[in-house]
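Sequence first, predicted model second:
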2 protein chains.
Amino acid sequence: MNFEMIKAAAGRLDGHARQTPILSSPFLDEIAGRKLMVKPECLQRTGSFKFRGAWSAISALSPETRARGVIAFSSGNHAQGIALAAREHAIPAVIVMPNDAPALKIANTKGYGAEVVLYDRPGGESREAVGEALARERGLTLIKPFDEPLVIAGQGTVGLEIAEQSQDGDVLVCCGGGGLTAGIALALAETAPKMRVRPVEPVGFDDMARSMISGVIEKNDTGTGNICDAILTPQPGEITFPIIQRLCGPGLVVTEQEACRAMVLAWQHLKVVAEPGGAVALAAALFHADKVEGPTVTAVVSGGNVDPTLFAETLQRYG
Amino acid sequence: MNFEMIKAAAGRLDGHARQTPILSSPFLDEIAGRKLMVKPECLQRTGSFKFRGAWSAISALSPETRARGVIAFSSGNHAQGIALAAREHAIPAVIVMPNDAPALKIANTKGYGAEVVLYDRPGGESREAVGEALARERGLTLIKPFDEPLVIAGQGTVGLEIAEQSQDGDVLVCCGGGGLTAGIALALAETAPKMRVRPVEPVGFDDMARSMISGVIEKNDTGTGNICDAILTPQPGEITFPIIQRLCGPGLVVTEQEACRAMVLAWQHLKVVAEPGGAVALAAALFHADKVEGPTVTAVVSGGNVDPTLFAETLQRYG
């Protein structure tokens, strides 16, 4: 896993993934107490950065392997990324999703042309068992959501774009399994070495922040029950953790309420739609400014796939 | 008023206005029945395209005239554009606004550093009388919202950017006084002559569509009472109308409900925030596809400054 893989992924993504802009607002600068630059990956195809990693991985498969199709386990954003990337490669995609995933995410994954197989998460069914049987039967290639070098390389292209816009300050990244964080950190270590990447997680799911302190992979007590559903993972990845440990500054932790307020401020001042989990880095920039260093800060809004009722209620409460 | 003025405006805007991306979604393509490209000017600074015209006009003033300050009449988006452009030129800005303008627009205009003077619109007070007295007293330059060549030139830079992404099909533009429509039409006549610009208006405020048919400037019966507040103007401009008459295809008209549904679809599939008036062109592309020509269509989302309660209620109703 190295910088050259990110450059190669950028070449494969060219003309397929969107180069997202950098947005800012004087109102947000004022709250953050410094110049705040936002990288809105919610504007990426399928509404999250996950399309980059999905495209990177699928486009790198050999033609014969790729033609048999791919399979992924995902609560949503990775699924949509894989579904669209597979469709544009004209290959089958099977997505194994929990039956309690947000309705919008299931519908969108089907809408992008994938076959969705639901497993009974609340009932304790194993997605691995369900998925492995299917993969064996049909010769599908599993694309992991974060602990896969080709996926990390794709997410790292976000970092290449950030470095074109800025060279200084902390870069706050929403962190679940750490694929986006590790990819951006690898990219910036080469292209903007003065920038420092910081993983941001929701309270109660700060496995990465705690692992960075202890030096070993720490688990969360639970995997559900937080509004930031897109970035709830049980523990850091085996590949992502050592990269983040080596290259990143201390992790930041935000509350659900802070994530919701950031979601509303992104709506109000940047005119982009963030999902709660996609807004945690922005929340840290806005509401934990004392823990951030430098005259400028960059925050990645990682996704915007959120149910309309939840979004409307949040707007009513904090708007 | 010519193409060279738009090129000159683009030079003055470089590094100050944002180049907005082009967004699309397979879900929207399916509804529109063709490839649909969206130009999200809601992502422009101050949340609407109006910043372009404001910057263009203020940056073209002589230093002495500019230093005395500017004044504008506006229900909102032009006001915010003028306020921020003036602040970045370090000059005073006075905005004369109706006392029934959306609270968010008044607050934002003040937030960008302008002095807001409210006039009693429901009570029949004349904004011209209020504004002219102030302008005389302080030596302020009036920047009109649309019937001003330098403003039209600034809005025309949207057309230059569209031509970089596409060369074919109808280009649907939200139309109030016609500054954005005329500017884009002038730009595309030179840079993408196969494209055809179409003004889009809300039902009951189709003064431009009717004027194009009759060949003379037609008025609307009323100036208020529609959710698309950003684009309610009493009649086409004296400068904008002949340009639009000469260069554009027939006007399109959408209902308030269609504008609201387009607003929700932009939220859902593009992750951008449109205000109702800013969504009428997208609504025409989605729901009046039979009146649009060609395998591709471009729709400009002109702004995203909308009250949170209205947005939340619309999401609940149509999401």
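Okay, I see it. Keep in mind the model is a prediction, meaning the values are calculated, not measured. Numbers count the residues shown, from 1 in each chain, chains lettered A, B, ... in the order given.

C-alpha from now on. contacts and neighbour counts both.
Will do.

Output the set of residues of chain A in proximity to chain B.
Listed as neighbours of chain B in chain A under the rule Cα under 8 Å from any Cα of the partner chain: A:20-21, A:23, A:25-27, A:42-43, A:45-47, A:111-112, A:267-274, A:304-305, A:308-309, A:311-313, A:315-316, A:319.

Type out the PyMOL command that picks the buried ones from these.
Selection command for PyMOL covering only the buried members of these, criterion 16 or more other Cα atoms under 10 Å in any protein chain shown:
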select buried, chain A and resi 20+21+23+25+26+27+42+43+45+46+47+112+267+268+269+270+271+272+273+274+304+305+308+311+312+313+315+316+319
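
Now, the residues of chain A next to chain B that are in helices?
A:26-27, A:111, A:308-309, A:311-313, A:315-316 (DSSP state H).

Chain B: which of those residues is nearest?
Taking Cα to the nearest Cα as the measure, chain B sits nearest to residue A:312 out of those, at 4.3 Å.

how close does the closest residue to residue A:138 other than its chain neighbours get to residue A:303?
Nearest residue to residue A:138, sequence neighbours excluded (Cα to Cα, 6 or more residues apart in numbering or on different chains): residue A:68, at 7.4 Å. Separation of residue A:68 from residue A:303 (Cα to Cα, to the nearest Å): 29 Å.

Contacts only, for residue A:167.
By Cα atoms under 8 Å, 6 or more residues apart in numbering or on different chains, the contact list for residue A:167 reads A:192-195.

Would you mind checking those for buried ones?
For these, buried by 16+ other Cα under 10 Å: A:192, A:195.

Out of the contacts of residue A:167, which sit inside helices?
Per DSSP H, the contacts of residue A:167 never map to helices.

Neighbour count for residue A:68 and residue A:303, which is higher?
A count of neighbours by other Cα atoms under 10 Å in any protein chain shown puts residue A:303 above the other of residue A:68 and residue A:303, at 28 against 15.

So the more buried one sits against residue A:278, correct?
Yes: between residue A:303 and residue A:278 there is a contact at 4.8 Å, judged by Cα atoms under 8 Å.

hey, what's in contact with both of the two?
What both residue A:303 and residue A:278 touch, as defined by Cα under 8 Å, 6+ apart, is the set residue A:42.

quick one, phi psi at the spatially closest residue to residue A:285 that is not a sequence neighbour?
In this structure, residue A:285 finds its nearest non-sequential neighbour in residue A:32, 6.0 Å apart by Cα to Cα, 6+ apart. Main-chain torsions, residue A:32, degrees, to the nearest 10: phi -80, psi -20.

Quick one, grab the pLDDT at residue A:121.
In the predicted model, residue A:121 carries a pLDDT score of 84.

got it, and the one 10 residues further on?
Per-residue confidence for residue A:131 comes out at a pLDDT of 88.

Quick one: the strands in the stretch 51-200 of chain A, in order.
For the stretch 51-200 of chain A, the strands defined by DSSP state E, counting those that start in this stretch occupy A:70-73, A:93-98, A:115-119, A:141-142, A:170-174, A:196-202.

How about the stretch 201-319 of chain A?
Using DSSP E, counting those that start in this stretch, strands in the stretch 201-319 of chain A cover A:252-254, A:296-301.
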